[in-house]
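[1] Output the structure for:
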Amino acid sequence: MIFATLCAGCNQPGTTLCNRCRFSLASASSQVSDIGIMAALPFEGVARQVVHGLKYRNRRQVARSLARLMVRRVRVGKVDVVTWAPTSGARARSRGYDQAELLARAVASELGVPCRRLLYRSHGASQTGHTRAQRLQGPSFRARAGRAQLRVLLIDDVVTTGATLSAARDALLSAGVAAAASQCTVPTP
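    Below you'll find the model as predicted:
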């Protein structure tokens with residue numbers, strides 16, 4: 001039996017991300033939300049398919065391509081360490097990985113800085129399938145104590161209301177980091 005690599009965007013056999021889908025992602029514009037969350041891509045078309053491939057179809061290899069795009073698209077300034085907003089434990093166990101962690105590790109590699117787990121998600125349900133009002137309550141996080149001068153880049157795969165990244169950023173700031181910039185692959189409408 002031969003296992004072919006399929007494009008995470010269009011499912012055509014070939015590479016992890018075919019030239020057509022890569023070009024489509026490259027031509028999309030980045031966005032910054034009202035609360036300062038930087039997003040590399042709009043959540044539509046090929047970008048949506050690629051992120052869903054990463055999250056739901058075990059297309060882990062695409063994390064490196066998305067990270068490269070995130071680093072090129074969104075200028076964050078000087079960063080000492082990269083971390084991520086962890087998904088719920090149940091989601092990570094069912095998938096076998098945390099997609100935000102994969103992205104964070106790939107972004108850190110692109111930036112040439114360390115990636116460290118600085119956040120722990122408190123028990124609670126996944127945000128998937130919740131209404132906007134439910135999402136705004138967001139999950140809660142606890143953070144490892146940080147050095148006062150540490151500048152952290154916080155990564156997540158998708159932002160809908162910003163509640164998850166805001167809660168994660170607040171936990172980091174409360175733990176003593178100097179600054180925490182938030183970045184995601186795509187914002188949902």
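
[2] Quick check: next helix or strand after the lowest-mean-pLDDT helix or strand in the chain?
    Ranked by mean pLDDT, DSSP states H and E, the helix or strand of the chain with the weakest confidence is helix 132-137, at a mean of 57. Next along the chain after helix 132-137, taking DSSP states H and E as the criterion, comes strand 141-143.

[3] Now Val158: closest residue in space that isn't a chain neighbour?
    Val186 (5.5 Å; CB to CB, 6 or more residues apart in numbering). C-beta here means a position set from N, CA and C on the backbone, and glycine is covered the same way.

[4] these two touch, right, the one you found and Gly45?
    No: applying CB atoms under 8 Å as the test, Val186 and Gly45 come out as separate, 10.5 Å apart.

[5] More neighbours: which of these two?
    Val186 (23 against 14; other CB atoms under 10 Å).

[6] What are the phi and psi values at the nearest residue to Gly89 once chain neighbours are set aside?
    Among residues not flanking Gly89 along the chain, Arg121 sits closest, at 7.2 Å (CB to CB, 6+ apart). Backbone torsions for Arg121, taken as degrees, to the nearest 10, come to phi -80, psi 130.

[7] Show me what Arg121 is bridged to.
    Beta bridges link Arg121 to Phe141, judged by DSSP bridges.

[8] so who does it touch?
    By CB atoms under 8 Å, 6 or more residues apart in numbering, the residues touching Arg121 are Ala85, Pro86, Thr87, Ser88, Gly89, Pro139, Ser140, Phe141.
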